[in-house]
Structures are given as C-alpha cells and as structure tokens.
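Engineer: Predicted structure and sequence below. I'll ask about it afterward.
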Amino acid sequence: MDSLLQKRSVLVLLLLVCCVLFYVLLGVEKKDTFIDKVEQDKKKAAHASSVHIVKDNVLPVEFPSPFQLHTPTKDEKFITYLPHSGFHNQRIELENALLLASYLNRTLLLPSVYLGNPAFPWLRFDKMYERLLLQTKNGLSYCSELREGEPLSTECLNYFRWTAVPWTFFYDLQALNRKVRIVFRQDLSLEWLNGTLQIDADDTYLFKDNSPFDFRVYDLPESKTPLTRFVNRIDLSTLESIKEKLIHFGSVFGTSRVLAQSKEHAELLQFIRQEMIFKNPVLVDTAAKVVQQLGGVGQFVGIHLRVGDGMFKTRASIAIDDIYHQLVDDYTDLSIDGVMHYDEEHDEDRKENTEYEIKQLRESNVVKGDDAKPITVNHPSDIQSRLGRSQLPSCQVEGDGMNDRFAKTTIFIATDCPNPREHPLLRKIFRTFPCTFVLADFKKDLMELSKIEVVDEKVKLNPWLIPMVDAIIASQGHTFFGTNSSTFSTYIERQLHPVYTNQHAFI
C-alpha cells in the first residue's frame, strides 16, 4: 500500500511540474508573440523574394519587409500619416514626418509613395482615409493578366494608372534610420496597425485635419514665427503630452510646417535634406549619360518649367518669359531691338491664360504685379567672355546665323510641356540659344527606365520616372532657374543642385 501511495504521489508531482512548465512556456509564448510575428514576417518576405521569377527585360521594384530597417520593442511609440498629392508633396510630408518622429522619440510608420495619374488629392482626414482604403488592387490581380488590346472591365479601368512603391526605391534610408527609427507601413488601414503592431483604437490618437494647412508645429516655445498660410499653432510640448502609443496624422504636407529653429533641429533638417537625394542606380546612371553629352556637371544651364496644370498652366507664358529674359541678360549681348527680334509676342506672353480652372494644392501664392513688364536688357560686365561657339558635337547651329555667338551657352530644359520643341511658348528660347536640349533629344538613353516594373501588378514606372530623371539632369548645371511655387523646382534648387554640384545645401 505504501508503495502504491508513493507511486501516486510521484505521479501527482510530475503532473504539477508539467502544468507549471506548461503555463510558464505559455506565458513566454504570449510575451514573445510580437517578436515572433516580426521574425515570421521577415522570413516570409525573404522567401517571397527568393522564389519570385522575373523576366530578363524587367527590372523589378523591390519591396522591403516592414521591419527591414528596425524591429520595434513592446514599449515603443509611433507616429504615422496619410500620403497625398504628387511625389514631391509626399516627399515634403516625409521630411516633416521624420522631424516629428525625431522630436518626439517615436518610430515612424512610413507609408509607401503613391504614384497616380491624376495624383490623389488632399481631403479631410476621414475622407482621405476612406479614399486610400478604397483605392486598392486587392482582388484585381486578373487585370494584370489581360492581353494588350483586350477591353478593360470597369474595375480595371484605373488599374494601371496608379501604384505604390517604397521610399527605398528612390532613396537610401540607412543613414536616416540611424537618426529616426523607421518601420515600413505596407497597408494604410487601422486593422494592419492592430494586426502587425498590436495598436488598437484606444491606444491611437487620431490627429484629424480639416484644411490643407491645418496646423504648424513649433519646436521652440518662444518662437515668434507667424503662422502664414497655416491655421493653428501647435507647440512641441502639446504633442509630447500625448500618451497614446500611436499618433496618427492626416496630412503633414507643407514646407516648414514642422519648424526646425533650434540648433539641434536645424542640423537634423539639414541632414535629412542631404540624405533625400535620388540614389536609384537606374535613375542616376540614365541622368549621367545625358549630362555627359551636355558637357558634364557644371557645364550648362539647368531650367525647370512646370506649365502643364493648374496655376502653372495659367501663368506658363509669364514664367517662361521671366526665365527667358534672365537668360538673355546673362548669356547674350542683345540690345532691346535685338531681343524684340526673338521675343515678338512679348506683350501677349505677359498675360495669364484664364481658360483653365485651378484645382491645385499650392505651397504659396503666386507673386503678381509684373504682368506688363516691358522688354529691358541688363548685361553683366563680363558678358563677352560668355559668348562664342559651342564645343559640343551634338549642337548644330541653325537659323538666321544671328545667334551663332550664343551657342557657347548650353541649356537643358526639364519640363512637363508636351513636345517642347514645337511649343509656341518655348520657341523664343530655342531660337535665341541654339544649344538648348530637352529629355526627348536623348530617347536612346532612356531605355532602361521602361524596364522598371511593379511585377505583381505589371505596372511600368517610366511615366513617373521621366520627371525625376529630368530633375537630376537639370540640377547638375552650373546655374539653375526654376518655376515659382513649384515643389519640384524647390527640391532641385534646395537639395539636388547643391549636392550634385558640390555646393553647400541650404535650409
């Protein structure tokens, strides 16, 4: 009997030990669920990329896993935002979001870049969130299987007109990630945040904006900087007091929406802008081929003319005329009568085209008041040293012979203008300066761009990449002229041009 009791006691003890071990292991498993999920996502992404088969004539866009740059801890806090408008507006959003993440010591949940034609507009938070969720390709994979020439069903009409690509396609984010922790947000739904990071609605602070420039963030409480176009002032201390795990903004678009007025923050902004330079090898190599044919870095004048939409289309002739006369002053010795020979439609060119309705999210108001500007000349004292014939073999002087001596000035025009060589507003630039080039003059050097594709969707990216190559080329001239109020021009002037020409970038 004693032996039987002893056996039962041992058995009960073993069962108790097993139960304790079971609950301990269960507790550890629950505790590590978040980290396990992170590692599983990494393995899935690596496996997907290893088994993906790509055709030889396709350069696939590579998508990072959410935690490729940073693996969050359980107690980490986050910020995120909703992307909208064109590429450069989203780039400004990213710049502001990086500043906010650093200021608040939060991890940035970074959305992809949305490329669309037309671009997704700004909307109030709830409407924009709904629009972005409805703008999906889930369940539409069959659209990519349709053969060329086959009619598109209703749900496939917009399939090839937009896509989303990671910021890593354009920029190297490694250095930025050492300053600001970055997790890639693969889905813009709140459900993704819950399923991936265990962030529920009660732990999310929704920062809902009601206007495009709803607020401005001040990093110094004593700052007297005016709100300008922004509606409300938010001090950094207000954001620091938010306890929720996630601060979810709507739009964070707007140059200087997030001020960087302390020495530390100004240096951070400088660093961010220096790092947000195109690094995609196909873009950089394609631009380098064209720059070489223009004489090399610092051997030409770069121009950006945005004339294709909204207020830019309304004031296109005025913007072009302003730049034209700056070129005439700096690179010709023409008299007023000589300028009139090339600028026959000057008075008409100083008028706005009012045929276009403006629906444009603009950074600032266009400066007016000089629409009736008369023809004048103001040449520098060393103008004769800037005159002469071109040394470029690709530059063939044509026309009346009067402009032979202006061929020493090589010009590259980056523009959204269709058929720029045939466009009446640009005619006077081509007539005056025989060594003027546009990207269409280098078609054979653009072939690699047509190979870049979001493979799962079979969406080619070259329609959106052409303007970026344009920007990289124009930024490498010794001088740059841009379009007023264009975020594209500002990007070239503030960031690309100083970096590519080894000058000091400025804020």
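Structural biologist: Received it, and whenever you're ready, just let me know what you need.
Engineer: quick one: secondary structure of I413?
Structural biologist: strand (DSSP: H, G, I helix; E, B strand; the rest coil).
Engineer: again but with K127, I slipped
Structural biologist: Assigned by three-state DSSP, the conformation of K127 is helix.
Engineer: The one 10 residues further on now?
Structural biologist: Taking three-state DSSP as the rule, one finds K137 in the coil state.
Engineer: For it, grab phi and psi.
Structural biologist: phi -110, psi 10 (degrees, to the nearest 10).
Engineer: now G86
Structural biologist: phi -80, psi 180.
Engineer: and the spatially closest residue to G298 that is not a sequence neighbour, what is it in contact with?
Structural biologist: What sits nearest to G298 in space, not counting adjacent residues and going by Cβ to Cβ, 6 or more residues apart in numbering, is H478, at 4.4 Å. In this view, the C-beta of every residue, glycine as well, is placed from N, C-alpha and C. H478 makes contacts with 298-301, 501, as judged by Cβ atoms under 8 Å, 6 or more residues apart in numbering.
Engineer: out of those, who's nearest G250?
Structural biologist: T501 (36.7 Å; Cβ to Cβ).
Engineer: Tell me how far the closest one lies from G477.
Structural biologist: Separation of T501 from G477 (Cβ to Cβ, to the nearest Å) stands at 8 Å.
Engineer: Tell me who's in contact with the nearest residue to T286 once chain neighbours are set aside.
Structural biologist: Counting by Cβ to Cβ, 6+ apart, V469 is the residue found nearest to T286 once chain neighbours are left out, at 5.3 Å. V469 sits next to 283, 286-287, 290, 439, 446, 449 when contact means Cβ under 8 Å, 6+ apart.
Engineer: ok but V469 is inside a strand, no?
Structural biologist: No. Counting by three-state DSSP, V469 is not part of a strand but helix.
Engineer: ok, so what distance separates it from T168?
Structural biologist: With Cβ to Cβ as the criterion, V469 and T168 are 19 Å apart.
Engineer: Equivalent analysis for F278, please.
Structural biologist: 12 Å.
Engineer: For the closest residue to F230 other than its chain neighbours, pull up the helix or strand it's in.
Structural biologist: What sits nearest to F230 in space, not counting adjacent residues and going by Cβ to Cβ, 6+ apart, is R216, at 3.8 Å. Using DSSP states H and E, R216 sits in strand 215-218.
Engineer: Near C143, how many other residues are there?
Structural biologist: 18 (other Cβ atoms under 10 Å).
Engineer: show me the contacts for the nearest residue in space to D214 that is not next to it in sequence.
Structural biologist: Excluding the flanking residues, the one nearest D214 by Cβ to Cβ, 6+ apart is V231, at 5.4 Å. Applying Cβ under 8 Å, 6+ apart, one finds that V231 lies in contact with 211, 213-215.
Engineer: Do you know the pLDDT at V231?
Structural biologist: What the model reports for V231 is a pLDDT of 97.
Engineer: on that earlier part again, so for T501 and G477, which residue has more residues nearby?
Structural biologist: G477 (25 against 16).
Engineer: I am assuming that one contacts V301, so please confirm or correct that.
Structural biologist: Yes. If you go by Cβ atoms under 8 Å, G477 and V301 touch, sitting 5.1 Å apart.
Engineer: just to revisit the earlier point, thinking the residue nearest to F230 is in contact with N232, fair?
Structural biologist: Yes. Applying Cβ under 8 Å, one finds R216 in contact with N232, separated by 7.3 Å.
Engineer: Show me the strands in the stretch 401-507 of the chain, by range?
Structural biologist: For the stretch 401-507 of the chain, applying DSSP state E, counting those that start in this stretch gives strands covering 411-415, 436-438, 452-454, 459-460, 479-481.
Engineer: residues of the last one that come out buried?
Structural biologist: Residues of strand 479-481 classed as buried under the neighbour-count rule (16 or more other Cβ atoms under 10 Å) are 479-481.
Engineer: ditto for stretch 93-109
Structural biologist: Quick answer for stretch 93-109 (16+ other Cβ under 10 Å): 93-104, 106-109.
Engineer: nearest to H70, of those?
Structural biologist: T107 (6.6 Å).
Engineer: from what I can see the closest one touches T80, true?
Structural biologist: No. In this structure, T107 is not within contact of T80 by Cβ under 8 Å, at 9.3 Å.
Engineer: rewinding a little: what's the strand holding R216 packed up against?
Structural biologist: In terms of contacts (3 or more Cβ pairs under 8 Å, 6 or more residues apart in numbering; DSSP states H and E), strand 215-218 is packed against strand 232-235, helix 236-240.
Engineer: Could you list the low-confidence segments of the stretch 301-450 of the chain?
Structural biologist: 308-310, 353-371, 396-402 (pLDDT under 70).
Engineer: For the nearest residue to L108 once chain neighbours are set aside, pull up the helix or strand it's in.
Structural biologist: Counting by Cβ to Cβ, 6+ apart, L108 lies nearest to A101, which is 4.0 Å off, once chain neighbours are set aside. Per DSSP H and E: A101 is located in helix 87-104.
Engineer: mind checking the end-to-end distance for stretch 444-462?
Structural biologist: 14 Å (Cα to Cα, to the nearest Å).
Engineer: Buried residues, it. List them.
Structural biologist: Buried-residue list, stretch 444-462, by 16+ other Cβ under 10 Å: 445-446, 448-449, 451-455, 457, 459-461.
Engineer: Let's have the residues you listed in JSON lines, adding distance to I272.
Structural biologist: Shown next, in JSON lines, are those (distance: Cβ to Cβ, whole Å):
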{"residue": "D445", "distance to I272": "31"}
{"residue": "L446", "distance to I272": "30"}
{"residue": "E448", "distance to I272": "29"}
{"residue": "L449", "distance to I272": "27"}
{"residue": "K451", "distance to I272": "31"}
{"residue": "I452", "distance to I272": "26"}
{"residue": "E453", "distance to I272": "29"}
{"residue": "V454", "distance to I272": "27"}
{"residue": "V455", "distance to I272": "31"}
{"residue": "E457", "distance to I272": "30"}
{"residue": "V459", "distance to I272": "29"}
{"residue": "K460", "distance to I272": "30"}
{"residue": "L461", "distance to I272": "24"}
